[in-house]
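Visitor: mind looking at a prediction? Sequence and model below.
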Amino acid sequence: MTIHLAVTPAWTCGGCGTDWPCRTRRRELRAEYEAAPVSLALYLATQLVNATQDLPEVPAGHLHHRFLGWTR
């Protein structure tokens, strides 16, 4: 079980305090969804939608890069 979970509404990491998903959580998610990259993208897209509601002051492009840009 990971400690690197999102703390909302700030969307920081509960394990290290950086923006979520942090580097550690990204590595964990890649491993968890290794055989299902589309499912990973759908999960992160859902989190992106939730984050846009909590962080309206953060530019959409920044959030997109933060939540989905690293999955390529």
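Guide: Cool, the structure landed.
Visitor: for residue 64, which non-adjacent residue is closest in space?
Guide: Nearest in space to residue 64, with sequence neighbours left out and distances taken as Cβ to Cβ, 6 or more residues apart in numbering, is residue 48 at 6.7 Å. To be clear about C-beta, it is placed using only N, CA and C from the backbone, and glycine gets the same treatment.
Visitor: for the one you found, helix, strand, or coil?
Guide: The three-state assignment at residue 48 reads helix, by DSSP: H, G, I helix; E, B strand; the rest coil.
Visitor: going forward, count from 19.
Guide: Noted, 19 is the first residue going forward, which turns the last one into residue 66.
Visitor: how close does it get to residue 19?
Guide: Distance of residue 66 to residue 19, given as Cβ to Cβ, to the nearest Å: 23 Å.
Visitor: likewise residue 82?
Guide: 28 Å.
Visitor: circling back to that earlier point, tell me how many other residues crowd the residue nearest to residue 82.
Guide: Residues lying near residue 66 (other Cβ atoms under 10 Å) number 17.
Visitor: pretty sure it is touching residue 81, no?
Guide: Yes: look at residue 66 against residue 81 with Cβ atoms under 8 Å: they come within range, at 6.0 Å.
Visitor: quick one: contacts for residue 23?
Guide: The contact partners of residue 23, taken as Cβ atoms under 8 Å, 6 or more residues apart in numbering, are 31, 32, 33, 38, 43.
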